[in-house]
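1. next come a sequence and a model predicted from it.
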Amino acid sequence: MTREELRQIYYLNKEIMMWEKELIHESKIAKLATAHKLNDKNNSLSTEKEEIEKIIKRQLIKTQTRCEKIVRFIDDIEDNIMHQITILRNIHHMTWEEVASKVGGENTGDSVKKAYYRFFIKK
C-alpha cells in the first residue's frame, strides 16, 4: 500500500459529506414542493433524491472497503511507533505536530513525518 492509497480515505469521506449535504438540500426542496402541491415536480424531486441516496450508499461501500484494506495494512505494521503514526495520520487525519504530540517522547512533527516517509520508501 502506498501513502497515496492511505490518503484516499480522507477524500472519500469528504465526497460522502458532499453527497449528504446534497441529499439534505434535495429533501428541503421536496418538502417545499409538497407544501405548495407541485405534484409533477415532486415526483421528479423524489426520483433525484433516490438517485442521490444510491450514490451515497455506493460511496459508503467504497469507503468501508478501503477502510478495511487500510486497517489490515496498518495492523500488519510491526513497529509500534510506526503503527501509531500511521493510525494517527491516516485514520484520524492529524497534523504532523499532533501526531508527534500523541506519540510522545522527544518526537517533533518533522521527525515523525520523516520516519513515516522513510517507512514507505522501504515498503
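-> Good, I have the coordinates. No experiment lies behind these values; they were computed from the predicted model shown. Residues are numbered from 1 along each chain as shown.
2. gap between the residue nearest to N90 when sequence neighbours are not counted and L12?
-> Excluding its sequence neighbours, the residue lying closest to N90 (CB to CB, 6 or more residues apart in numbering) is L6, at 4.3 Å. From N, CA and C alone the C-beta is placed, and that goes for glycine too. The gap separating L6 from L12 is 12 Å, by CB to CB, to the nearest Å.
3. in the chain, where is pLDDT below threshold?
-> Judged by pLDDT under 70, the chain has its weakly predicted residues at 30, 33-46, 123.
4. hmm, try it at 90
-> Low-confidence segments of the chain (pLDDT under 90): 1-71, 73-74, 90-93, 120-123.
5. how is it divided into domains?
-> 1-76, 77-123 (automatic domain parsing).
6. could I get those as TSV with mean neighbour count?
-> Putting these into TSV (neighbours: other CB atoms under 10 Å) gives the following:
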stretch	mean neighbour count
domain 1-76	14
domain 77-123	15
